[in-house]
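Asker: Predicted model follows, preceded by the sequence.
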Amino acid sequence: LTAAQASALAVLMDDGPMRMGELAERESIRMPTATSLVDGLHRSGFVSRRPDPADRRAVVVAATDKAADVINGIRTRRNDTVTRALASLSDEHRAALAAALPALRELQMKMEHS
């Protein structure tokens with residue numbers, strides 16, 4: 001998976017099925033780019049497409065079980081890597097990171113809602 005594909009799949013897994021336009025907005029990409037991205041994911045069996053029941057002209061995209069397996073694997077490997085890296089830090093550095101968490105959470109919230 002490319003970074004863009006993994007990001008789109010993570011959004012679909014975390015937030016559930018959505019219309020193509022919403023996916024494009026959440027990923028900060030244009031609609032033609034989202035369409036191309038989803039086309040590739042669909043060909044690979046990572047997403048399903050179906051007409052939106054509220055508007056048959058629109059398409060709803062959802063992550064498949066295959067996508068969930070891959071994304072969960074990526075997340076597990078990432079978490080294991082971070083855990084090992086944190087364990088290798090000094091107590092002082094781990095404490096500094098812990099002290100920075102509230103500011104990092106605030107930054108994340110501001111970025112998600114901008």
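Answerer: Yep, that arrived. Numbering: from 1, shown residues only.
Asker: Show me where this protein has its strands.
Answerer: Secondary structure of the chain (DSSP state E): strands at 18-19, 47-52, 55-63.
Asker: elements contacting the longest one?
Answerer: For strand 55-63, the packing partners by 3 or more CB pairs under 8 Å, 6 or more residues apart in numbering; DSSP states H and E come out as helix 3-15, strand 18-19, helix 20-26, strand 47-52. Any C-beta I mention is one placed from the backbone N, CA and C, and that applies to glycine too.
Asker: okay, and for this protein, where does confidence drop off?
Answerer: Scanning the chain for pLDDT under 70 picks out nothing.
Asker: looking at the helices and strands packed on strand 55-63, which is closest to Leu86?
Answerer: helix 3-15 (21.8 Å; CB to CB).
Asker: roughly how far apart are Thr64 and Asp15?
Answerer: Taking CB to CB, to the nearest Å as the measure, Thr64 falls 15 Å from Asp15.
Asker: Give me the more crowded residue out of these two.
Answerer: Between Thr64 and Asp15, counted using other CB atoms under 10 Å, the more crowded position is Thr64 (17 against 12).
Asker: wait, doesn't the more buried one sit right on Gly45?
Answerer: Yes. In this structure, Thr64 is within contact of Gly45 by CB atoms under 8 Å, at 6.1 Å.
Asker: circling back to that earlier point, mind checking which of the strands of the chain is nearest Lys110?
Answerer: Comparing the strands of the chain under CB to CB, the one sitting nearest is strand 18-19, at 22.8 Å.
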